[in-house]
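K.L.:
Could you look at this predicted model? Sequence included:
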Amino acid sequence: MVSQEELTKAIQELTDADPSVRRIAAEALSEGDERAIYPLIRALRDANTGVQDAAMRSIIAIGGEVTAYMALPLLRESPFLRNTARIILRQIGRPSVPLLRPLLADKDDDVRTFAVDLITDIGWCDYPAELARLLEADPNQNVKASAARAIGVLGYHEGLPALVASLRINEWVCFSALESLALLRDESSIEPVLSLLGEPSETVRYSAIETLGKIGSARSSEALLGRLPLASDIEKTAIVKSLVQIGITPNMASVGDLLIEMYTNGEWEDRLIALTGLSDLRDKRSLSVILEVAGSLDPSDPESEDRLIAIKQALTKFGCQPALTELITDPDIKFRSKVVAVEVIGELQCPEAAPHLIAIMDTDLREVRRASVLALAELREKNVLPELRKLVEDRDGHVRNAAISALGRIGDKTSFVPLLRHLDLEKYDDVLEVTVKALLLIEPAKLFALTPSLPPVIRKMIAQYAGQVDVLLDLSRDPELSVKLAALSSLGRHRDERVAKQLSTALGDPDPEVRKTAVMALGAANCCIDDLKTALKDSDMWVRLHAVKALGDSGKPEAAIAVIPLLYDKEVPVVLAAIDALIQLGSTESVALSSIQNHPDAAVRERVAEVLERL
């Protein structure tokens, strides 16, 4: 909120000769009160568009019923000011609505229309009956159309009789009434809407058909099915769309043709409806069409992901059709389309697709080959295992990754030796990690027995991913530092007396990195508070810092006494961690914090001031 002096100055500067000064003044008045409204409304007439925009935004920011009241007269001004007033009133929202009520009886047709449209845009009204009265009695067709639309948006079911009666006024009002009947979805309106199917106007019939689809009921679907043989081409499309939305897709060849045409050339909203219909019919002719569109989706478009999900869901409804598996070897199908088809086949676990999946492994397209590997793994067929084992040595790292991961998930014991051999050959770390994980899934005991003879990089990965405590305890004593650290860190996932003892022992290690890792593991395990307290006295800053954090995360209020001395630590990061830990432990004692409010470091002083202010 600006002061009286600042308010006066800003209002004066609204008349300054310099447009930039006027614009800045208009922006500053957004923090003003009702005294700023009239000067800002005058500023809406400024010759400079920047000043006009700033004034409008400030009026909206002030908001409230008084602001709305003072903006109302602008509805009678020039088109620019009228549109500006509508933006202001719409943004102010509900406080504007009571002030619009008298305008419903205004002698100016445009003002009545603006009032109803604003109520619709705001989406709330406590006098909807008056809107139904306008629909019935107002002489102006634009007002009637706006009132009809408002009734639906507001969900005013009591206005249904007025909407039904308005279907015969004229096309403009009829369209708005149909739009609202679709929103209200009241079955009592079905018969009046059905009667419009005999109207001479094709656009009215089309809108009525769309409305019946959105209302959705057995009665409307029965009527639409009866109308289908007699309908024009444009009506047939509308009828099929409506029936699909209701959940009934007529099993007729002509319907399949219509849906394919709609899916191929329609907007995405219509395409998704067509997709539902095609999957209901399971028309195999549409498979290549569906996949062609899937392959044309732009991966960089954010909407493509949702559309691709919808396409895959539709394709799964077709099941393991031979037509689908044959398409993945069709040379005319786009590679992205093939990837989608292969992923669906994998999800469906179609055993008869195995030969087709193996056949496309000869392609140079990495994504197709990778998808095929993953699909073969989903089949879990014994006859695909030799193919997967062969791919362990594939030229492409992504394909090797997928094949090795698949063998691990399947748990194929005959793959243990080839995978073990592969450890010496793999040059990519991510594939090496996947290989270790696969071996751990297939024959963990065999791998552990060989661990001492494996190179440090492999021992480290075993320490990262093994779940057996005995193995981790052994590796936590490994002479290689990286292996020891990985094992100590993994021990934090376990609660075991032997684990606690080993981590406690590691706190005495001469290497500070080992001590820090042990502290972090104790924190992850949320145990051994006494050991963590001892670590608060460690000579290494990072050991102390992680010990403080671990005590804070422990949630044990009694740990606060041990943490308080760390407020006076010589290292700033430790002090800041101690403050945060005390907050976590619910022990932000003002006396302890006050003693460091004049700390030499600005970050500490700022954090203490923030906490003390809250206290």
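P.N.:
All right, it came through fine. Bear in mind the structure is a predicted one, so any value in this text is a computation, not a measurement.
K.L.:
Can you pull out the residues in contact with stretch 217-227?
P.N.:
For stretch 217-227, the external contacting residues (C-beta atoms under 8 Å, 6 or more residues apart in numbering) are 187, 190-191, 193-194, 197, 209, 212-213, 235, 239, 242-243, 246, 248, 250. C-beta: built from backbone N, CA, C; applies to glycine.
K.L.:
can you pull the buried residues of it?
P.N.:
For stretch 217-227, the neighbour count (16 or more other C-beta atoms under 10 Å) marks 220-221, 223-224, 227 as buried.
K.L.:
Who wins on neighbours among the contacts of stretch 217-227?
P.N.:
In terms of neighbours by other C-beta atoms under 10 Å, the contacts of stretch 217-227 top out with residue 212 at 31 neighbours.
K.L.:
what's near enough to touch it?
P.N.:
Here residue 212 is in contact with 190, 193-194, 220, 223-224, 242 (criterion: C-beta under 8 Å, 6+ apart).
K.L.:
Among these, which lie within strands?
P.N.:
Among the contacts of residue 212, no residue falls in strands (DSSP state E).
K.L.:
Going by distance to residue 579, which of those residues wins?
P.N.:
Taking C-beta to C-beta as the measure, residue 579 lies nearest residue 242 of the contacts of residue 212, at 64.1 Å.
K.L.:
Now name the helix or strand holding the residue nearest to that closest one when sequence neighbours are not counted.
P.N.:
Leaving aside its chain neighbours, residue 242 sits nearest to residue 213 (2.5 Å; criterion: C-beta to C-beta, 6 or more residues apart in numbering). Element membership for residue 213, per DSSP states H and E: helix 202-215.
K.L.:
By mean pLDDT, point me to the weakest helix or strand of the protein.
P.N.:
Lowest on mean pLDDT, DSSP states H and E among the helices and strands of the chain sits helix 590-594, with a mean of 67.
K.L.:
and the helix or strand that comes right after that helix, what's its mean pLDDT?
P.N.:
Using DSSP H and E, the helix or strand that follows helix 590-594 towards the C-terminus is helix 602-614. Averaging pLDDT along helix 602-614 gives 85.
K.L.:
ok, now stretch 440-455?
P.N.:
93.
K.L.:
picking that back up, quick one: which of the contacts of stretch 217-227 is nearest to residue 143?
P.N.:
Ranked by distance to residue 143 (C-beta to C-beta), the contacts of stretch 217-227 are led by residue 193 at 22.8 Å.
K.L.:
Can you verify my assumption that the closest one contacts residue 208?
P.N.:
Yes: applying C-beta atoms under 8 Å, one finds residue 193 in contact with residue 208, separated by 5.2 Å.
K.L.:
For those two, list the residues in contact with both.
P.N.:
Listed contacts common to residue 193 and residue 208 are residue 178; contacts here mean C-beta under 8 Å, 6+ apart.
K.L.:
Would you check how far apart residue 117 and residue 124 are?
P.N.:
From residue 117 across to residue 124, the span is 14 Å (C-beta to C-beta, to the nearest Å).
K.L.:
Settle it for me: which of the two has more neighbours?
P.N.:
Neighbours were counted for residue 117 and for residue 124 using other C-beta under 10 Å; residue 117 has more, 20 against 13.
K.L.:
Does the more buried one lie in a helix or a strand, and which?
P.N.:
Residue-wise, residue 117 maps onto helix 109-122 under DSSP H and E.
K.L.:
Show residues contacting that helix.
P.N.:
75-76, 82, 86, 89-90, 93-94, 96-97, 100, 103-106, 125, 131, 134, 138, 140, 142-143, 146-147, 149-150, 153-154.
K.L.:
Ok, stretch 125-140 next?
P.N.:
With contact meaning C-beta under 8 Å, 6+ apart, stretch 125-140 is reached by 97-98, 101, 104, 109, 112-113, 116, 119, 143-144, 147-148, 150-151, 154, 156, 158-159, 162-163, 165-166.
K.L.:
circling back: could the C-alpha coordinates of the helix holding residue 213 be exported in PDB?
P.N.:
C-alpha atoms of helix 202-215 as PDB (Å, rounded to 0.1, in the frame of the first residue of the first chain):
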ATOM      1  CA  GLU A 202     -28.400 -28.600 -42.400                       C
ATOM      2  CA  THR A 203     -26.400 -26.600 -39.800                       C
ATOM      3  CA  VAL A 204     -29.300 -26.800 -37.300                       C
ATOM      4  CA  ARG A 205     -29.600 -30.600 -37.900                       C
ATOM      5  CA  TYR A 206     -25.800 -30.900 -37.500                       C
ATOM      6  CA  SER A 207     -25.800 -29.000 -34.200                       C
ATOM      7  CA  ALA A 208     -28.700 -31.100 -33.000                       C
ATOM      8  CA  ILE A 209     -26.800 -34.300 -33.800                       C
ATOM      9  CA  GLU A 210     -23.700 -33.100 -31.900                       C
ATOM     10  CA  THR A 211     -25.900 -32.100 -28.900                       C
ATOM     11  CA  LEU A 212     -27.500 -35.500 -28.800                       C
ATOM     12  CA  GLY A 213     -24.000 -37.100 -28.700                       C
ATOM     13  CA  LYS A 214     -22.900 -34.900 -25.800                       C
ATOM     14  CA  ILE A 215     -26.200 -35.500 -23.800                       C
END
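K.L.:
That one: which residues count as buried?
P.N.:
By 16+ other C-beta under 10 Å, the buried positions in helix 202-215 come out as 204-215.
K.L.:
Good, we can wrap up now.
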